[in-house]
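Asks: Curious how this folds, go ahead:
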Amino acid sequence: MPSKRWIKFLLVLLLVAIATIGGSVFWISSFLHQPVAPTQEVLLRVKPGTSFTRLAYEFEHAGVISDARRFILLARWKKVAAHIHAGEYLFKQAATPAEILDRLVAGDVRKFQLTIPEGFSMVEIAARVETSGIGKAEDFLALASDRQRIVQLDIEADSLEGYLFPETYTYTSDTTLTTLLTAMVEQFKQKVTPEMLATASELGMDQHQWVTLASIIQKEAGNDDEMPLIAAVFHNRLRIGIPLQADPTVIYGIKDFDGNLTRQHLQEATPYNTYRRRGLPPGPIASPGKNALQAAVAPADVKYLYFVSKGDGSHVFNATLKDHNRDVRRYQLKR
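Replies: Numbering: from 1, shown residues only. Okay, here's the model as predicted:
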C-alpha cells in the first residue's frame, strides 16, 4: 500500500501537470482567439520559397500577428506550413491568427482590375497595360507579334491585333505579360461560337477576315444597335466590289496619326487605305466586342451602301449615292 508521502508526491505531480497543461491551453487559446488589428494598412509580399518560420517573424514584426512562435505551431498543427501561396497580401482589419493563416493558404492576395474597352487597338492596349504596372508597352507589343507565341495560341495571323478581347481582367502583382496576353486570347476564344464560324464561312469569310470586318464595324458604329446596319453596308460593298471607304482603316495605316484626317491621307497607298483598295484590309484594326463580332456574321437585311455621321454618335443610312450626298451636305458640310 503506497505511503502517505508517496501519495502526496503524486498529488503534487498531478497538480503541476494540470497547471502546465492549463497554462499551455491558455497560452494557445489566448493567441488563437485574440484578433490583431494593424495600426495602419500593411502590405506584405510573400516570395516564392520563403520558409514559414521566416514568414511568421516578418508578420509579427509588421504587427499582423502577436506571436510568431505560436503562429508557427498553429501552422504545423494544421499541417499547412508548406501550402502558403506567394503574392502580395494587404492587411487592414482586425483578424485572428487562424483567419490570417486561412488567407495565406487560400492565396487571398491583393487583386487589381484592368479594363480594355471595345475598339482599342493593340497599341492602345499596350499603353494601358503599362499604366497598370504589369509590364512595358514595348514588351507587350513584342510578345503580341511573336510568331511562335501566336502559333502556340492557335491564332492564324501575323499579330494578335483583334484577338485581345475587350474585357475587365483581374490581375495580381505576380501577373506577367504572357499570362495576361494568354487570358485575353482565351477570352476571345470563349466568345467565338461554332455557329459564328460556320456563318462566317457561309458568307465567304475565314476567321481572320471575319474578325477584321468586325473590328471595322466596332470602330465605325456609334452604338450597338447600328452595328447590323453598318455590317450590311460593308457586306453589300464587298459583294459588288465597291471599296469600303472606311476612315478608321485609313487612320490605322497612318504612322503617328495626329487626329486630323486629310484628303492627302485618303490618297496614301497603304495596305489599310480602303479608299484606294477594294476588299478587306490585311487584318483587324482593333479589338471588336461580342456585338461587333455577331453583327459581322448577322448583317441587317437592307440594301444600304452608304452611311454618314449625324454628329451625335449616330448615322443616317442610304442605298443611293444621290441620297448619301444629300445627307453629307446636311450633316457634314454644314458643320
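Asks: Domain-wise, how is the protein divided?
Replies: Per automatic domain parsing, the structural domains of the chain span 34-110, 112-191, 194-304.
Asks: Please name whichever of these is nearest to Leu321.
Replies: Comparing those by their distance to Leu321 (C-beta to C-beta), the top pick is domain 194-304, with 10.2 Å. Bear in mind the C-beta positions are built from the backbone N, C-alpha and C, glycine included.
Asks: Select, out of the domains of the chain, the one closest to Asp312.
Replies: Once the domains of the chain are compared by C-beta to C-beta, domain 194-304 is nearest, at 8.0 Å.
Asks: quick one, strands of the stretch 151-300 of the chain?
Replies: Here the stretch 151-300 of the chain has its strands, by DSSP state E, counting those that start in this stretch, at 168-171.
Asks: now the helices for it?
Replies: Secondary structure of the stretch 151-300 of the chain, counting by DSSP state H, counting those that start in this stretch: helices at 177-191, 194-202, 207-220, 227-240, 247-252, 263-267, 290-297.
Asks: May I have the fifth one exported as PDB, CA atoms only?
Replies: Same thing as helix 247-252. Once non-C-alpha atoms are left out, helix 247-252 reads as follows in PDB (Å, rounded to 0.1, in the frame of the first residue of the first chain):
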ATOM      1  CA  ASP A 247     -11.900  56.100 -92.400                       C
ATOM      2  CA  PRO A 248     -10.800  54.000 -89.300                       C
ATOM      3  CA  THR A 249      -8.800  51.700 -91.600                       C
ATOM      4  CA  VAL A 250      -7.100  54.600 -93.300                       C
ATOM      5  CA  ILE A 251      -6.200  56.100 -89.900                       C
ATOM      6  CA  TYR A 252      -4.900  52.700 -88.700                       C
END
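Asks: any residues touching it, and which ones?
Replies: Contact partners of helix 247-252, identified using C-beta atoms under 8 Å, 6 or more residues apart in numbering, comprise 121, 216, 219-220, 257, 261, 265-266, 268, 270, 272-275, 281, 285-286.
Asks: Would you mind giving me the confidence score for the residue positioned nearest the centre of the chain?
Replies: Computing the C-alpha centroid of the chain and ranking residues by C-alpha atoms, centre = their mean puts Tyr169 first, at 2.6 Å. We note a pLDDT of 97 for Tyr169 in this prediction.
Asks: hang on, the earlier thing: export the domains of the chain to JSON lines and tack on distance to Arg326?
Replies: Output for the domains of the chain, formatted as JSON lines (distance: least, C-beta to C-beta, whole Å):
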{"stretch": "domain 34-110", "distance to Arg326": "58"}
{"stretch": "domain 112-191", "distance to Arg326": "29"}
{"stretch": "domain 194-304", "distance to Arg326": "15"}
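Asks: and Arg330, which of the ones you listed is closest to it?
Replies: Between Arg330 and those, the tightest spacing by C-beta to C-beta is seen for domain 194-304, at 16.8 Å.
Asks: Centre of the chain to that closest one, how far?
Replies: Its chain's C-alpha centre and that of domain 194-304 lie 25 Å apart, by C-alpha atoms, centre = their mean, to the nearest Å.
Asks: What of stretch 187-196?
Replies: Counting by C-alpha atoms, centre = their mean, stretch 187-196 comes out at 17 Å from the chain centroid.
Asks: Just the terminal-to-terminal distance for that stretch.
Replies: 15 Å (C-alpha to C-alpha, to the nearest Å).
Asks: same check, this time on stretch 158-176
Replies: Stretch 158-176 has an end-to-end distance of 22 Å (C-alpha to C-alpha).
Asks: residues of it that come out buried?
Replies: Using 16 or more other C-beta atoms under 10 Å as the test for burial, stretch 158-176 gives Ser159, Leu160, Glu161, Gly162, Tyr163, Leu164, Phe165, Pro166, Glu167, Tyr169, Tyr171, Thr175.
Asks: What about the closest residue to the first one other than its chain neighbours, how many residues nearby?
Replies: If I follow you right, that is Ser159. Once flanking residues are discounted, Ser159 sits nearest to Ser145: 4.6 Å by C-beta to C-beta, 6 or more residues apart in numbering. Ser145 has 15 neighbouring residues, counting by other C-beta atoms under 10 Å.
Asks: I'd like to know the predicted local confidence at Ser145, please.
Replies: pLDDT recorded at Ser145 is 96.
Asks: can you list the weak-confidence ranges in the stretch 201-335 of the chain?
Replies: For the stretch 201-335 of the chain, the stretches flagged by pLDDT under 70 are 333-335.
Asks: contacting residues for Ile216?
Replies: Shown in contact with Ile216 (C-beta under 8 Å, 6+ apart): Phe234, Leu244, Ala246, Pro248, Thr249, Leu280, Pro281, Ile285.
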